[in-house]
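*Asks:* take a look and give me a structure for this.
(chains A and B)
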Amino acid sequence: MSTIQLDDIRVEFDTPSGKVVAVNGVTQQVPSGGFVSLVGPSGCGKSTLLAVISGLTRATSGQVAVGGKAVTRPGRGIGVVFQEESTLPWRTVQENVQFALQIAGVDKGEQVERANWAIDLVGLKGFEKSYPSMLSGGMRQRVALARTLALEPGVVLMDEPFAALDQQTRIFLGAEVRDIWQRSQQTVLFVTHDISEAILLSQQVWVMSYRPGRIIDVIDVDLPEHRDASIVSSPAFNQLHNRVWSSLQEESKRGFRQQETRT
Amino acid sequence: MMTSVMGGDVEPGTGDDVSIERPDTESDRPVQLPRRWRLSDPLISAGATAGLLVVMAVVAEVGARSGWWRASTLPATSTMLSGVAGLMDDPQFWSDLTRSGLEIGLAILFGSTAGLLSGLLFWKLPTLGRIFEPYLVSFYAVPMVLFYPLAIVVVGINASSVVILATIMATIPVALNTTVGLNGIRPVYLKLSRSLQCKPHQMLFSIALPAAAPFIVAGLRLGVVYALIGSIAMEFVTAQAGLGYRIRYYYEIFDNDRMFAYILVVLVLSVLLTALLAGLERLVVKGRTS
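*Replies:* Residues are numbered from 1 along each chain as shown, chains lettered A, B, ... in the order given. Got it, this is the predicted structure:
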């Protein structure tokens, strides 16, 4: 089982202007098969926390465990979908999705089979031979998603994967991510700065403070499993939105002021 | 970069349609605009090239025959062509061609290898890159032919001295372009390679080199041109054989027809090399731009 266990995580960075504490005292858990969203003001350390869980960054102190095993470096069981465009432009969609499998040493036949499955899952059937340059931003992000899913990781970490996309595309891709998660029962930690997106997709929302990033609120999303358009205008959704926003508001202002004074 | 995906960026539906159902993917597909210009582009350029050549050939022929200029200044096209035909059964020509071809080929081979390796080294060891790059850049501007006398003193008047200097000339653009290309790899690719636990050779061959390939190929194109220019120019200055040497020789004995035949051969050689590399470039950037 792939529980994400965070125990008193602290991350410090050395910068030219001194030591910066990006994340401090984060003790949380994402249950196996759970979907948690992490929201917070920009620059609060959301991505840093995600990088620590993925093993790309080492925590200064504290423990990260996935499925009971301490994470010290990237591993097969943890898939990451990056915020930046990360498809390889010299490879077709099929070759891009197969890339992760190829690196993992999966044999050729199985590579094709699993890539086809993942391509189908993200709705890119028929585009296998296209190059990323021929696709829209939303479709390229689907390719990146398929590449991660093809590895069938127990944990999927998404770092604002739809940040660069337009609103409609985000909504649809978000719905698809939720749909895929419901079928796969993978453990998902989804970083976003969009409150509606966080509530709509997840079972639980963590609100992070401005630097040093701490989890200042944990909100269970008790909305029905099947969520559609109407839910956005329901009182329950609005209540959740207000609660997240009120937690976030002060922090965003604080972050904004600090960034203002720095420049 | 995304000129042909107009409309492909917009996913179907409107903002309030937040259904969890999979959206209709029909309008999700990129719109393939007809690209009539693209298709006929190579045809147009091939036609234009042929047309220009014919016009120049006709002008040269008519000009020389009708006495607009002295035939010794620029011989008629037919004279040059028959001169080239005459070279075909001249063993001297073939040994010159072999000699120059060997020099150019070796300079390309050594130059691109050394350039690639130093580019990789400068990328892997940024401190080394910072130390040596300025020298490399300024070396770029030095007319290498100035060092030819030195090379002759060291290794003698033979193919080696030509190959050494042409190699240095070819190495520089390859090294600089490789460094620029590798340093310009988007950070997300490095994150991707770490997250997928790429081994060093997988990182190099599956991410770094393909990502930097457009720059590397541009460097190789320059390197090949420099190897050619270098070899012919050094031969022209001092050598005992080779196309460059022969051009100078016929120039000195006033055998203009033969000289121009040799010049024509060098021109054809450079056009062939350029075309070959343009093909390689097209292969590498395949799919990257639409």
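
*Asks:* show me where pLDDT drops low in the stretch 51-200 of chain B?
*Replies:* The stretch 51-200 of chain B contains no residues with pLDDT under 70.

*Asks:* and the helices in it?
*Replies:* B:77-87, B:91-124, B:126-140, B:148-155, B:159-183, B:187-195, B:200-202 (DSSP state H, counting those that start in this stretch).

*Asks:* grab the nearest non-local neighbour of the residue in the stretch 151-290 of chain B that chain A sits nearest to.
*Replies:* Nearest residue of the stretch 151-290 of chain B to chain A: residue B:287, at 3.4 Å (Cβ to the nearest Cβ). For every residue, glycine as well, the C-beta is placed using N, CA and C. In this structure, residue B:287 finds its nearest non-sequential neighbour in residue A:131, 3.4 Å apart by Cβ to Cβ, 6 or more residues apart in numbering or on different chains.

*Asks:* now that neighbour. Its backbone dihedrals?
*Replies:* phi -90, psi 150 (degrees, to the nearest 10).

*Asks:* what is the neighbour count of it?
*Replies:* 21 (other Cβ atoms under 10 Å in any protein chain shown).

*Asks:* these two touch, right, it and residue A:140?
*Replies:* No. Using Cβ atoms under 8 Å, residue A:131 is not in contact with residue A:140, being 10.2 Å away.

*Asks:* which residue does chain A have closest to chain B?
*Replies:* Counting by Cβ to the nearest Cβ, chain A gets nearest to chain B through residue A:131 (3.4 Å).

*Asks:* show me how chain B divides into domains.
*Replies:* In the domain annotation for chain B, the residue ranges read B:46-66+B:75-87, B:90-284 (automatic domain parsing).

*Asks:* measure the first one end to end?
*Replies:* With Cα to Cα, to the nearest Å applied, domain B:46-66+B:75-87 spans 28 Å between its terminal residues.

*Asks:* buried ones in that domain?
*Replies:* B:60-61, B:63-64, B:75-77, B:79-81, B:83-84, B:87 (16 or more other Cβ atoms under 10 Å in any protein chain shown).

*Asks:* what's the answer for stretch A:44-60, then?
*Replies:* A:44-57, A:59-60.

*Asks:* convert stretch B:155-172 to CSV, retaining C-alpha atoms only.
*Replies:* Listed next in CSV are the C-alpha coordinates belonging to stretch B:155-172 (Å, rounded to 0.1, in the frame of the first residue of the first chain):
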residue,chain,number,x,y,z
VAL,B,155,55.4,18.3,-39.0
GLY,B,156,56.7,19.3,-42.4
ILE,B,157,55.0,20.2,-45.7
ASN,B,158,52.7,17.2,-46.0
ALA,B,159,49.1,16.3,-45.4
SER,B,160,49.5,16.2,-41.7
SER,B,161,50.1,19.9,-41.3
VAL,B,162,47.0,20.6,-43.4
VAL,B,163,44.9,18.1,-41.4
ILE,B,164,46.1,19.5,-38.1
LEU,B,165,45.1,23.1,-38.8
ALA,B,166,41.9,22.2,-40.6
THR,B,167,41.0,20.1,-37.6
ILE,B,168,41.5,23.0,-35.2
MET,B,169,39.3,25.2,-37.4
ALA,B,170,36.6,22.5,-37.5
THR,B,171,36.8,21.8,-33.8
ILE,B,172,36.0,25.3,-32.5
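
*Asks:* in three-state terms, label the closest residue to residue A:6 other than its chain neighbours for me.
*Replies:* Closest residue to residue A:6 apart from its sequence neighbours, by Cβ to Cβ, 6+ apart: residue A:28 at 4.8 Å. With DSSP: H, G, I helix; E, B strand; the rest coil as the basis, residue A:28 sits in strand.

*Asks:* test my guess that residue A:28 contacts residue A:8.
*Replies:* No. Applying Cβ under 8 Å as the test, residue A:28 and residue A:8 come out as separate, 10.3 Å apart.

*Asks:* out of the two, which sits in the busier spot?
*Replies:* Here residue A:28 and residue A:8 are compared on neighbour count by other Cβ under 10 Å; more neighbours surround residue A:28, at 17 against 12.

*Asks:* returning to that earlier point: contacting residues for the residue nearest to residue A:6?
*Replies:* For residue A:28, the contacting residues are A:6, A:206, A:215, A:218, by Cβ atoms under 8 Å, 6 or more residues apart in numbering or on different chains.

*Asks:* for residue B:146, state which of those residues is nearest.
*Replies:* residue A:6 (64.9 Å; Cβ to Cβ).

*Asks:* the closest one contacts residue A:36, correct?
*Replies:* No. Checked against Cβ under 8 Å, the pair residue A:6 and residue A:36 is beyond contact range at 10.8 Å.
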